[in-house]
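Engineer: I would like to see how this sequence folds:
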Amino acid sequence: MEAEDLAAELEHEALLVVDLSASQNYLNGHIPGALHLSFQALMAGTPPAPGKLPDLDQLTRVFRAIGLRPETHVVACDDEGGGWAGRFLWTLEVIGHHNYSYLNGGMRAWCGAGLPLATEKPQVTPSEIDLSINTAAIMDAQQIQAQLGNPDFLVWDARSPQEYRGERVLAMKGGHIPGAINCEWTQLMDSQRDLRIRTDARAFLAKLGIDNKHTIVTHCQSHHRSGFTWLVGTSLGLDIRAYPGSWSEWGNLPDTPVEP
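Structural biologist: Numbering: from 1, shown residues only. Here you go, the predicted structure:
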């Protein structure tokens, strides 16, 4: 969803704008009616793999607190180009809430369009929604290992090239999952268009071998950066899942294979 389109719908009763920007940035000015959510609410936070999905009780508390209801149209944004917004939308996918949109470019695009900002926090009416986990959008380490060597399966590593090559090591082991294709998350953002998803994203990814001929799983270190790559893949209609354990788990497991 583009900023101008969202601005025209702000009065809709079923609309819920969720802002995952840094707290101070949200307080300094946000989309009128937008609710702030801290990214920590979306993560289990347990070492060594803090990015794993929280348990169902925590997720239920979070989504009831923000007033999520079955009829709600959720629009997510952040101030960094889509990482936390993507992680949030992936979480909606996991709980089976498919009525959502991404504010393309997030707060950078909203401010760039000169649209109004508010500083007051909205009043939220909590919901009583009941959730369940849909694992179709998730892969774990065991499932990935079972697919390695399958020509129809592809790992999209959203980390930096230095992490991918094992030059920057943030776990017991450095390197990457065998056969993984590296495309750092920021490469899909258009810095000339307020960090919107680049218009040639499909062709750009296809040149790297990331296309709709494969079943794809994406990861980073904690499924933050790969929140955005999952979002991009989903927006392009790719068959894509996410590995929330990411490298913080894979790189610390004793039996996971690694390539430099």
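Engineer: alpha carbons only for contacts and neighbour counts from here, please
Structural biologist: Fine.
Engineer: flag every buried residue along stretch 168-186.
Structural biologist: 171, 173-186 (16 or more other Cα atoms under 10 Å).
Engineer: where strands are concerned, which of those count?
Structural biologist: Taking DSSP state E, the ones among the buried residues of stretch 168-186 that sit in strands are 181-182.
Engineer: can you show me the strands along the stretch 101-250 of the chain?
Structural biologist: Listed in chain order, the strands of the stretch 101-250 of the chain (DSSP state E, counting those that start in this stretch) span 153-157, 181-182, 189-190, 196-197, 215-219, 239-242.
Engineer: now tabulate these in JSON lines and tack on distance to Pro116 and mean pLDDT.
Structural biologist: Shown next, in JSON lines, are the strands of the stretch 101-250 of the chain (distance: least, Cα to Cα, whole Å; pLDDT from 0 to 100):
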{"stretch": "strand 153-157", "distance to Pro116": "37", "mean pLDDT": "98"}
{"stretch": "strand 181-182", "distance to Pro116": "38", "mean pLDDT": "98"}
{"stretch": "strand 189-190", "distance to Pro116": "23", "mean pLDDT": "98"}
{"stretch": "strand 196-197", "distance to Pro116": "19", "mean pLDDT": "98"}
{"stretch": "strand 215-219", "distance to Pro116": "35", "mean pLDDT": "98"}
{"stretch": "strand 239-242", "distance to Pro116": "34", "mean pLDDT": "98"}
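Engineer: can you put those strands in TSV and add distance to Trp90?
Structural biologist: Putting those into TSV (distance: least, Cα to Cα, whole Å) gives the following:
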stretch	distance to Trp90
strand 153-157	16
strand 181-182	21
strand 189-190	18
strand 196-197	17
strand 215-219	12
strand 239-242	8
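Engineer: now Gly237, nearest residue through space, not along the chain?
Structural biologist: Asn212 (7.7 Å; Cα to Cα, 6 or more residues apart in numbering).
Engineer: hmm, that neighbour is touching Asp239, no?
Structural biologist: Yes. At 6.6 Å, Asn212 counts as touching Asp239 under the criterion of Cα atoms under 8 Å.
Engineer: quick check: neighbours shared by the two?
Structural biologist: With contacts taken as Cα atoms under 8 Å, 6 or more residues apart in numbering, Asn212 and Asp239 have no neighbour in common.
Engineer: if we can go back for a sec, looking at the strands of the stretch 101-250 of the chain, which is nearest to Lys207?
Structural biologist: Closest approach to Lys207 among the strands of the stretch 101-250 of the chain (Cα to Cα): strand 181-182, 11.2 Å.
Engineer: quick one: the helices in the stretch 101-250 of the chain?
Structural biologist: For the stretch 101-250 of the chain, the helices defined by DSSP state H, counting those that start in this stretch occupy 106-112, 141-147, 161-164, 201-208, 225-235, 246-250.
Engineer: which residues touch the shortest one?
Structural biologist: Think helix 161-164. Here helix 161-164 has contacts from 157, 168-170, 174-176, 182, 184, 260, using Cα under 8 Å, 6+ apart.
Engineer: tell me how far the closest residue to Lys213 other than its chain neighbours lies from Asn104.
Structural biologist: By the measure of Cα to Cα, 6+ apart, the closest residue to Lys213 outside its immediate chain neighbours is Asp152, 7.0 Å from it. Counting by Cα to Cα, to the nearest Å, the gap from Asp152 to Asn104 is 30 Å.
Engineer: okay, those two: which has more neighbours?
Structural biologist: Asn104 (25 against 12; other Cα atoms under 10 Å).
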